[in-house]
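Chemist: Task: produce atomic coordinates for the following.
(chains A, B, C and D)
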Protein chains: 4
Amino acid sequence: MTHQHGVVRPGHLQLRVLEMQPALDHYLGVVGLLETGRDDQGRVYLKAWDEHDWFSLVLREAESPGMDHFAFRVSDAATLRSLGQSITAWGLPTELIPAGELRHVGERLSFVVPTGHRIELFAEKDKFGNGLPLLNPDVVAPGLKGMRPSRLDHCLVWGDEIQATADFFQQVLGFGLSEQILAGEGGEMIGAFLTRTNKPHDIAFIKADGKNWFHHVGFYVDSIDDMRAGNDLIAVHEIPVEYNGRHGITRGHTTYFFDPSGNRNEIFHGGYIYYPDHPTLTWTDPEKGIFYYGRKMIDSFMTAHT
Amino acid sequence: MTHQHGVVRPGHLQLRVLEMQPALDHYLGVVGLLETGRDDQGRVYLKAWDEHDWFSLVLREAESPGMDHFAFRVSDAATLRSLGQSITAWGLPTELIPAGELRHVGERLSFVVPTGHRIELFAEKDKFGNGLPLLNPDVVAPGLKGMRPSRLDHCLVWGDEIQATADFFQQVLGFGLSEQILAGEGGEMIGAFLTRTNKPHDIAFIKADGKNWFHHVGFYVDSIDDMRAGNDLIAVHEIPVEYNGRHGITRGHTTYFFDPSGNRNEIFHGGYIYYPDHPTLTWTDPEKGIFYYGRKMIDSFMTAHT
Amino acid sequence: MTHQHGVVRPGHLQLRVLEMQPALDHYLGVVGLLETGRDDQGRVYLKAWDEHDWFSLVLREAESPGMDHFAFRVSDAATLRSLGQSITAWGLPTELIPAGELRHVGERLSFVVPTGHRIELFAEKDKFGNGLPLLNPDVVAPGLKGMRPSRLDHCLVWGDEIQATADFFQQVLGFGLSEQILAGEGGEMIGAFLTRTNKPHDIAFIKADGKNWFHHVGFYVDSIDDMRAGNDLIAVHEIPVEYNGRHGITRGHTTYFFDPSGNRNEIFHGGYIYYPDHPTLTWTDPEKGIFYYGRKMIDSFMTAHT
Amino acid sequence: MTHQHGVVRPGHLQLRVLEMQPALDHYLGVVGLLETGRDDQGRVYLKAWDEHDWFSLVLREAESPGMDHFAFRVSDAATLRSLGQSITAWGLPTELIPAGELRHVGERLSFVVPTGHRIELFAEKDKFGNGLPLLNPDVVAPGLKGMRPSRLDHCLVWGDEIQATADFFQQVLGFGLSEQILAGEGGEMIGAFLTRTNKPHDIAFIKADGKNWFHHVGFYVDSIDDMRAGNDLIAVHEIPVEYNGRHGITRGHTTYFFDPSGNRNEIFHGGYIYYPDHPTLTWTDPEKGIFYYGRKMIDSFMTAHT
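Modeler: Residues are numbered from 1 along each chain as shown, chains lettered A, B, ... in the order given. This is a model prediction of the structure:
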């Protein structure tokens, strides 16, 4: 049990890939995640170096790419149960997935939010460690490779019913709405950036003519120079890149690129500290919000999804 | 009321200075804080640019330097009252300071922890804003000066009864113990790094032969290059500097320097993200923990305090 | 007289702008150059902070934008004369412009290279200083504004007869050919990057269906974080930006943007050290060479010129 | 033959180490140089990744540490001969070392300057390459390790007769005196920073009560973040470090540390561009010049040498 109650932070993302080996070449060899296990379904478990949990990304081979679910850690088992009641009361059916279905993870509460995305909650996951001792550690683990992200930071997904989904995250799961995009001042909410931590977003939703679209998973790197090194690696490996620059929303430094299955990745650095009493920022100029450098909408950003 | 319950984050520090004008030359002209007001006691209210609250640092002219109190924001007034009861039940007398005693702040709950330091809690403080609009903001406010810190990040103070104080912060205020220094493995706790946020510390205590010593206040800068620019400014202004380098504890980049009254300041960048289920790190090698570059204790670090 | 003989380094660029005041708002207020004088023709003289010469950029109001000339410093007056003879012998007519036509500059040798661009050489220019004393200086001058470039670094221009122009710079002016772009392996030279210093280029030429096109002037900033700060300023001022990323050629970090007259500017950082015995690098993949991040030709790069 | 005449740039340094294997663990495993060969005397040849020459550092096992010689490349064989005559005429005996004594190097001209240090000149050295193709290269070679320095940048040595040695380098070898330390204004020259390139120093001399002391060899890293990564590695390997910070002289970022034989190393980044018409900077405050951050003389800096 942690000293924070309720949802605590992002836990992991389960991602579908078309072929496992090219996916591993990408996520291990270029992105620089670490493999920590496999299961009898053939799923591969990965983590970023500075995460303590056993995994933060699960790759599953499937016929189409995209996200199976995004999971958050909650503070303890009692909270998991009480959140289950609140979610049901809000009107979303829930499902309990038994401990061990994903290795090293306890019981999971699973449900689909109005945008069509499956969200899960769990209270227990085994620790793998971050490669450093708990006694007198150095500042960096040895032998890091690739882009050396320190964590899986957030995901951004597309769907309809953004307002309802943002309401659910705020009212039931206790998230803050750090930023929103409106269709003109006073207009419909077409983008919601939600956080349960001091990061500017843990998950974000953008309006689409469809449900359950996956837009990108963001990996955090620790400096602007690490953004540079990541961009260099993308170039060396001739990986398709969509945008490198900065967001107005979150203020984060960003590069969007694609895995071999067409799932969009992001390396992300910076962003302000979000405190829960921070006012919600509003955007009616999404070009400025998303492509702060260049300030032009990039077509593929609106159309490419998995 | 925020979506997080309990203590939410650091609020402000009230600091005694020997003469106000040299202090303002330092904190406004070199550190680069902004003045947002004064009161009829002659106190001056300052903030870092990216803070939304009216102030995070209060300077008070006095015959000796040091810290009057360090204050945390709590989620709401009801929580302030219930925390008051818990604090009293734990054995610390509390005092209610009426709203407005510090301008723009509501009622404050004030008490002294076992190390001798006065800690305060408040639920309400007016917003000044961060110099950017809430609609379609740019990524940086115009006209920043000096070291351009984005926030007051933490304080570190010295006293006796470290273990009791750490217990209090964890059990009553809900803080996590991110790191600790022990007098040898299994030995007495002589350092406690405590956080209620995702930062590696909001407040830290180190063992001293005395009570209520002030060691330093840390201001956050946003990149390693901003550390460099801060170091350059310290040199240009011929300000005494004690150490520039990196901490093992928190992994933060650090430079210690002094204000004209002898109060130690720090510019700080980096540090890992602390999640509440993060294991506590333990140090029995404080030279490595504090002076990771150089790994030699600097005498003044142990002796200079206000 | 300097200890290096022959052409020593870039000296200045004279640029035509449509209206002086918007140009000054741009070059002084955003780019952050310093104004050091004006002349009775209405020309305005500017310098980057860390340059010692009186100026490196001259703005001249005219009916069309573009470059009047790019000038190099030579080691001494005798060298200026002997270079004049070599240039004439190579087949280019030369013209002597009397000392003082540009304020603070001695006699200039002026000629037009095969691409149609006017190049000038001078041996004497008054020193303005870099804002730091020559005795016990600090590391940075006070009061810098805007993007704080430390120098005018290079220019890139477009024209025909690239091979002849590269031959001239190498054979007569003693430049090194650091990199070249060929129209396929063994094909025609369509790009030449030339240097007389340890920088990867002082001047570069790219093939065009025309003569005397101006492509961009590059200003050097001192870190990747200064590139970031420059990009932020471009965004804050809503200045059109063409590309931000990295070059394969020179390895420099780059952002292309435009002044109010349509003249392209670049902020540039990095690039390898060029030693004169360095092998010439050859490019048959200009997309990789110019737009290393993204690796797609940007149409305006090929079409927009002044 | 290069397009620059005379001395062109630093070539290599031959360094004595007490035991070869610990030295290789240090220079290959921590500093991150590459081994490119050995000879029948047991000498090991190393280079930094972005150097094209076959080597820039030669390690020789010996009973005492220190520098055997520092060598510069000259433009061509004729220049080597004519410089030999000038050196003899200036009063220094010279010696010709046959081609091949150091592998991959042509004939060397060897002499001892007034401070007691052996300096060598050569016109020919085989190219090893920088790990990147000459056609359409990427921006970084694969597989770099350790601190990833891009070049051996300079050396600093101590001896007497600084003024005479500086005169020799300027008058005979054509170096510029970028900076000097005087024993008070108008006093004796006690430090000379000399360059034949656009770097702020290729070699530097500081006054000592002795001859032929070796102070340090500097390796260039490409960003402030690489300085940080180098400092982290020094800490991880528990290597003695003397200073990390910045120089006023050259403006370079610096960390001094020691190899297992006690030879001082430096990682160095930044420094202004030196143009040959740059005024000489003068220091009468060596603490500010050398230890710009901290501004206190570090005793070992004055006493530890090999």
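
Chemist: Downstream of the helix or strand harbouring A:I267, the next helix or strand is which one?
Modeler: According to DSSP states H and E, A:I267 maps onto strand A:264-270. Heading C-terminal from strand A:264-270, the first helix or strand you meet, by DSSP H and E, is strand A:281-283.

Chemist: How far away from the center of its chain is the helix or strand following that next one?
Modeler: Following strand A:281-283 in sequence order, the next helix or strand is helix A:286-290 (DSSP H and E). Taking CA atoms, centre = their mean, to the nearest Å, the mean C-alpha location of helix A:286-290 is offset from the chain mean by 20 Å.

Chemist: With stretch A:15-29 instead?
Modeler: Mean C-alpha position of stretch A:15-29 versus that of the full chain (CA atoms, centre = their mean) differs by 17 Å.

Chemist: residues of it that come out buried?
Modeler: Residues A:15-18, A:20, A:23-24, A:26-28 are the ones in stretch A:15-29 that count as buried (16 or more other CB atoms under 10 Å in any protein chain shown). Where C-beta positions appear, they are placed from N, C-alpha and C, glycine not excepted.

Chemist: pLDDT (mean, whole number) over stretch A:22-33?
Modeler: Taken as a whole, stretch A:22-33 carries a mean pLDDT of 98.

Chemist: which residues are contacting that stretch?
Modeler: The set of residues external to stretch A:22-33 that reach it, using CB atoms under 8 Å, 6 or more residues apart in numbering or on different chains, is A:17, A:34-35, A:44, A:46-49, A:57, A:59, A:61, A:144-149, A:219, A:233-234, A:237, A:239, A:259-261, A:265.

Chemist: Of those residues, grab the buried ones for ChimeraX.
Modeler: Buried members of the contacts of stretch A:22-33, identified by 16+ other CB under 10 Å, are gathered into one ChimeraX selection as follows:
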select /A:17,34,44,46,47,48,49,57,59,61,144,146,147,148,149,219,233,234,239,259,260,261,265
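
Chemist: Looking at the contacts of stretch A:22-33, which are in helices?
Modeler: Residues of these located in helices (DSSP state H): A:233-234.

Chemist: restrict the contacts of stretch A:22-33 to contacts with chain C.
Modeler: On the criterion CB under 8 Å from any CB of the partner chain, A:I234 are the entries of the contacts of stretch A:22-33 that sit beside chain C.

Chemist: among the contacts of stretch A:22-33, which are in strands?
Modeler: The subset of the contacts of stretch A:22-33 located in strands under the criterion DSSP state E comprises A:17, A:34-35, A:44, A:46-47, A:57, A:59, A:61, A:219, A:265.

Chemist: any idea which of these is closest to B:A229?
Modeler: A:F219 (27.9 Å; CB to CB).

Chemist: quick one: that closest one and A:H154 touch, right?
Modeler: No: contact criterion CB atoms under 8 Å: A:F219 and A:H154 do not qualify, at 9.4 Å.

Chemist: Give me the common contacts of those two.
Modeler: Overlap between the contact sets of A:F219 and A:H154, as judged by CB under 8 Å, 6+ apart, is given by A:F268.

Chemist: Tell me if A:G100 really is in a strand.
Modeler: No: inclusion of A:G100 in a strand is not indicated when DSSP: H, G, I helix; E, B strand; the rest coil is applied; the result is coil.

Chemist: Please report the distance of it from chain B.
Modeler: If you measure A:G100 against chain B using CB to the nearest CB, to the nearest Å, the figure is 19 Å.

Chemist: Does the strand holding A:I267 reach chain B?
Modeler: Yes: part of strand A:264-270 sits close enough to chain B to count as contact by CB under 8 Å from any CB, namely A:G270.

Chemist: and that strand, which strands flank it?
Modeler: Strand A:264-270 has the following sheet partners, assigned by DSSP bridges: strand A:213-220 (parallel), strand A:252-258 (antiparallel).

Chemist: Show residues contacting the longest one.
Modeler: The reference is to strand A:213-220. A:13, A:15, A:31, A:33, A:48, A:57, A:65-67, A:147, A:149-159, A:206, A:254, A:256, A:263-269, A:305-306.

Chemist: Among these, name the buried ones.
Modeler: Among these, the ones that count as buried by 16+ other CB under 10 Å are A:13, A:15, A:31, A:33, A:48, A:57, A:65-67, A:147, A:149-159, A:206, A:254, A:256, A:263-269, A:305-306.

Chemist: Stretch A:275-286 near chain B anywhere?
Modeler: Yes: between stretch A:275-286 and chain B, judged by CB under 8 Å from any CB, the touching residues are A:275-285.

Chemist: ok and the residue in the stretch 51-200 of chain A nearest chain C?
Modeler: When CB to the nearest CB is the measure, the stretch 51-200 of chain A has its nearest residue to chain C at A:M147, with 14.1 Å between them.

Chemist: Just to check, that residue is in contact with A:V221?
Modeler: Yes: between A:M147 and A:V221 there is a contact at 6.1 Å, judged by CB under 8 Å.

Chemist: Tell me, how many residues neighbour the closest residue to chain B within the stretch 151-300 of chain A?
Modeler: Scanning the stretch 151-300 of chain A for the residue nearest chain B gives A:P276, at 3.6 Å (criterion: CB to the nearest CB). A count of neighbours around A:P276, defined by other CB atoms under 10 Å in any protein chain shown, yields 22.

Chemist: So it sits against B:Q4, correct?
Modeler: Yes: the pair A:P276 and B:Q4 qualifies as a contact (CB under 8 Å) at a distance of 4.4 Å.

Chemist: what sits in contact with each of the two?
Modeler: With CB under 8 Å, 6+ apart, A:P276 and B:Q4 have common neighbours B:S75.
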